[in-house]
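Chemist: Return atomic coordinates for the entry below.
(one chain, ligands or ions: 1)
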Amino acid sequence: MFETTTVGSLPKPDWLAEPERLWPTWRLDCQALQDGKERAALEWLREQEAAGIDIVGDGEQFRIHFVHGFLAQLEGIDWNRKTRMGIRNNRYEADVPTVTGPLARPKAIHAADAAFMRAQTTRRLKVTLPGPMTICDTLADGYYGRREDMAMRFAELLNAEAKELVAAGADVIQFDEPAFNVFIDEVRDWGLPALERALQGLSVTTAVHICYGYGIEANIRWKESLGDQWRQYERIFPWINASSVQQVSLEFAGSRVPHEVLRLLPEKELLVGAIEVLPGKLESAEEVAHNILEATRHVEKSRLLPCTNCGMAPLSAELARGKLRALGAGAALARSRG
Ligand code: ZN
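Modeler: I've put the predicted structure just below:
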């Protein structure tokens, strides 16, 4: 009961990349970079195990950014043709690469990293990928013309990648779709169909992560603008519940998400955010247990997996370590009371 997991990303150590940045620069190159990524991933794996996290991952130590790590290996994207774009509906501006031709995936992208992790742990291994809609909101289209067409092509490539990750030993494949909370009508029209295409034929547990973003300034301001109750989940969850994805990772702790929205996903396992990702706040085990038990008022314990609200990449490594420990200890406390 109350098996724990995280959304995915963890801070990169400052000897590997610039700390507390969303788009950092690597500080190593060539073989030293590869060795450094493996060392960092291994250190975080041991941290997760020591903290009592049940479903573990590489903390995204192998990729520079949760979307661009995947995109960097594809054909059809011009990285020198940067387009300044307002992403997540103009929440922040970024210089993004541009699709200039047919997209292709010449070889597996994260499979070797997944195989490395598989060889290091007996715990269940989660590997995350960016969802097709979120990818389409994080790069510019100079070729397909319609976002839904580009999303479906990305979905095909993601599906092929996910199958190789399963072959490499992944037990859970999670697609990150923060854009689902922003482009609500498009979720129904093409976001969810594209996600379904990405999930097609996967033989392991599948998950989608839908959140209100990292604990960074632009997101904090956006959240302030959303009013007393955040109703986005209320609209999309009925569609998600009817989809084939098995787990839904959602923001809960410290948010203005109405708690009863958990009831809109009766067919799914819920990865409930019991840890906030704001900088500077470290929860106690007691607070985490409280968050978990609050969620049990709306979802059966057997379907509840305590998780973080979002990725912890922008936080300090010390804070992220503390939060992993609080998550593990809080879940243990909730179990003892449950
Ligand atoms: Zn997130």
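
Chemist: Please, where are all the strands along the stretch 51-200 of the chain?
Modeler: Along the stretch 51-200 of the chain, the stretches classed as strands by DSSP state E, counting those that start in this stretch are 55-56, 75-87, 92-104, 124-130, 140-141, 172-176.

Chemist: Ok, the stretch 201-338 of the chain next?
Modeler: Here the stretch 201-338 of the chain has its strands, by DSSP E, counting those that start in this stretch, at 205-210, 247-250, 269-275, 304-308.

Chemist: Put the alpha carbons of the first one into CSV.
Modeler: The C-alpha trace of strand 205-210 is given here as CSV (Å, rounded to 0.1, in the frame of the first residue of the first chain):
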residue,chain,number,x,y,z
THR,A,205,2.4,0.0,-16.7
THR,A,206,1.8,3.4,-18.5
ALA,A,207,1.4,6.8,-16.9
VAL,A,208,0.7,10.4,-17.8
HIS,A,209,1.9,13.3,-15.7
ILE,A,210,-0.2,16.5,-15.8
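
Chemist: my guess is E38 contacts A115, does it?
Modeler: No - with contact defined as C-beta atoms under 8 Å, E38 does not reach A115; the gap is 11.4 Å. Backbone N, C-alpha and C define where each C-beta goes, glycine included.

Chemist: Identify the contacts common to these two.
Modeler: Here E38 and A115 have no joint contacts, going by C-beta atoms under 8 Å, 6 or more residues apart in numbering.

Chemist: so which of the strands of the stretch 201-338 of the chain gets nearest the ion?
Modeler: For the strands of the stretch 201-338 of the chain, proximity to the ion was assessed by C-beta to the ion; strand 205-210 is nearest, at 5.6 Å.

Chemist: so who does the residue nearest in space to the middle of the chain touch?
Modeler: For the chain, D176 is the residue whose C-alpha lies nearest the centre (C-alpha atoms, centre = their mean; 4.2 Å). Contact analysis of D176 by C-beta under 8 Å, 6+ apart lists V7, G8, F66, T128, L129, P130, G131, T134, V208, H209, G311.

Chemist: And those residues, which is the shakiest by pLDDT?
Modeler: pLDDT across these is lowest for F66, at 87.

Chemist: so what's the backbone phi/psi at that residue?
Modeler: The phi/psi pair for F66 (degrees, to the nearest 10) reads phi -70, psi -20.

Chemist: I figured it hits G131, correct?
Modeler: No - in this structure, F66 is not within contact of G131 by C-beta under 8 Å, at 10.2 Å.

Chemist: Those two: which has the busier surroundings?
Modeler: Each of F66 and G131 has its neighbours counted (other C-beta atoms under 10 Å); G131 has more, 29 against 23.
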